[in-house]
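> Give the three-dimensional model of this entry:
(one chain, ligands or ions: 2)
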Amino acid sequence: MNITIHKTTMPKPVPQDDSKLGFGQIFSDHMFIMNYKTGSGWHDARIVPFENLSLSPAAMVLHYGQEIFEGLKAYRDSNNKIRLFRPQENFKRMNVSAKRLVIPEIPEDIVLDALKQLINLDKNWVPHSDGASLYIRPFVFATDPFVGVRPGDEYLFIIITSPSGPYYATGLNPVGIYVEENYVRAVKGGMGYTKTGGNYAASLAGQAEAKKQNFAQVLWLDGIERKYIEEVGAMNIFFVMNDEVITPELQGSVLEGITRQSAIELCRKWGMKVTERRISIQEVADAYKAGTLQECFGTGTAAVISPVGLLKWGNMIMEINNNKIGELSAKLYDTLTGIQYGRLPDEFNWSMMID
Ligand code: PLP
Ligand code: COI
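Ligands and ions are numbered 1, 2, ... in the order given. Predicted coordinates for the structure are as follows:
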């Protein structure tokens with residue numbers, strides 16, 4: 001598929017102070033967009049200036065939420081080259097989400113090529129400082145003007161990019177997490193394993209409650225027994241107990257994080273015991289009381305590795321590792337960012353150079 005490029009005639013000023021970027025608030029000069037229509041397939045692939053969309057108020061996505069997205073980053077290395085981290089995995093996962101939401105399959109090679117061209121064009125928007133990166137947001141949604149419920153016949157696939165700093169204002173410092181007991185995010189058979197807007201909409205009420213109590217995010221429990229740990233709002237979760245690294249197994253309600261998979265592979269390479277299994281909040285509390293809960297951390301593209309220093313469950317507040325960054329959290333953070341920014345050898349072949 002040929003990608004046409006229409007460059008902006010009014011480039012915006014590129015932010016100069018990376019410490020003021022925040023997360024996902026500023027957008028680069030261009031975006032990639034292509035259309036789908038039943039019968040014609042994906043077509044009209046183009047890079048155009050970042051601009052508002054024109055949609056019918058009846059566009060199906062606005063009513064029934066037929067939408068999926070991805071999140072990945074571009075990093076500038078010390079040779080001024082731009083790198084992506086395992087981007088094929090994001091587009092593969094996007095098609096897993098597409099299938100569940102009855103969205104037509106997205107041609108992975110074409111969108112990866114489009115992404116490379118987009119980043120190349122907006123190269124100067126990739127931040128220069130360590131810890132900052134260009135956050136990339138591919139997304140797809142149904143645009144048919146129709147207020148009946150059925151899968152769409154018309155879609156837009158778009159990629160926008162946003163120079164960003166750390167997801168949490170605290171950076172690598174430990175975050176406080178609140179165990180949600182009233183609301184659930186997802187259940188087996190639902191959409192929990194996909195990246196669709198509805199999962200995040202379902203999370204907002206719990207997230208608001210966590211904020212009210214001064215916690216950064218919610219730790220979700222399983223939707224049926226309300227006992228087993230699933231994941232955090234924008235991260236997968238890991239515990240270290242008795243030198244064993246434990247993370248909830250994937251059984252349909254948890255997002256299969258690419259950072260999660262990378263952390264598992266690194267820990268195994270380092271000879272650590274890593275177990276993917278059901279783990280209850282009671283087991284974590286018992287380990288905490290027994291003094292065997294060594295560390296807890298979240299993994300995610302936006303958050304990288306985020307140590308959890310405080311975990312609130314009902315009336316109990318667990319202060320993990322004295323609310324300090326743990327040894328494994330720090331090692332994983334240094335290694336992952338080392339590979340992402342090209343400071344460390346890329347033994348797993350995870351980095352993809354843009355040019
Ligand atoms: N879980 C949720 C709900 C997320 O939104 C994310 C972020 O994308 C993750 C986990 C971590 O996934 P990844 O490591 O692929 O970014
Ligand atoms: C991620 O891309 O890491 C995310 O979690 C997306 C998010 C900001 C909801």
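
> Only C-alpha atoms from now on, for both contacts and neighbour counts.
Will do.

> got the residues of the protein near ligand 1?
With C-alpha under 6 Å from any ligand atom as the criterion, the chain meets ligand 1 at residues 71, 233-236, 255, 257-260, 299-301.

> Could you list which of the residues you listed also contact ligand 2?
Answer for these near ligand 2 (C-alpha under 6 Å from any ligand atom): 71, 234, 300, 301.

> Include secondary structure when you put those residues into JSON lines, please.
JSON lines is the format used below for those (DSSP: H, G, I helix; E, B strand; the rest coil):
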{"residue": "71", "secondary structure": "coil"}
{"residue": "234", "secondary structure": "coil"}
{"residue": "300", "secondary structure": "strand"}
{"residue": "301", "secondary structure": "coil"}
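
> low pLDDT regions in the stretch 51-200 of the chain?
169-171 (pLDDT under 70).

> Neighbour-wise, give me the winner out of the ones next to ligand 2 among the residues of the chain next to ligand 1.
The residue in these with the most neighbours, by other C-alpha atoms under 10 Å, is residue 300 (21 neighbours).

> before we move on, what SS does residue 14 have?
coil.

> shouldn't it be in contact with residue 124?
Yes. Counting by C-alpha atoms under 8 Å, residue 14 does reach residue 124; the two are 7.4 Å apart.

> So which residues on the stretch 201-350 of the chain come close to ligand 2?
Checking the stretch 201-350 of the chain against ligand 2 by C-alpha under 6 Å from any ligand atom, the hits are 234, 300, 301, 302.

> ok, 8 Å please
233, 234, 235, 300, 301, 302, 303, 304 (C-alpha under 8 Å from any ligand atom).

> These: which two are farthest apart?
The largest separation in those, counting by C-alpha to C-alpha, is between 233 and 304 at 13.6 Å.

> circling back: spatially, which two of the ones next to ligand 2 among the residues of the chain next to ligand 1 are the most separated?
71 and 234 (10.5 Å).

> can you give me phi and psi for the residue lying farthest from the centre of the chain?
For the chain, the residue at maximal distance from the C-alpha centroid (C-alpha atoms, centre = their mean) is residue 290, at 33.3 Å. Per-residue torsions, residue 290: phi -80, psi -10 (degrees, to the nearest 10).

> Ok, residue 237 next?
phi -130, psi 140.

> Please determine how far the residue farthest from the centre of the chain is located from ligand 2.
Distance, residue 290 to ligand 2, by C-alpha to the nearest ligand atom, to the nearest Å: 32 Å.

> now swap in residue 250 and tell me
17 Å.

> Just list the residues touching that residue, thanks.
By C-alpha atoms under 8 Å, 6 or more residues apart in numbering, the contact list for residue 250 reads 256, 276.

> my read is it is in a helix, agree?
No. Assessed with three-state DSSP, residue 250 is coil; it does not lie in a helix.

> Residue numbers of the stretch 1-150 of the chain in contact with ligand 2?
Counting by C-alpha under 8 Å from any ligand atom, the stretch 1-150 of the chain sits next to ligand 2 at 24, 70, 71, 72, 135, 137.

> correct me, but residue 23 touches residue 161?
No. The pair residue 23 / residue 161 is not scored as a contact, 11.2 Å apart, by C-alpha under 8 Å.

> which of the two has more neighbours?
A count of neighbours by other C-alpha under 10 Å puts residue 161 above the other of residue 23 and residue 161, at 29 against 19.

> Going by contacts, tell me the helices and strands next to the helix or strand that contains that one.
Element membership for residue 161 (DSSP states H and E) is strand 154-164. Contact analysis of strand 154-164 by 3 or more C-alpha pairs under 8 Å, 6 or more residues apart in numbering; DSSP states H and E lists strand 30-37, strand 133-142 as its packing neighbours.
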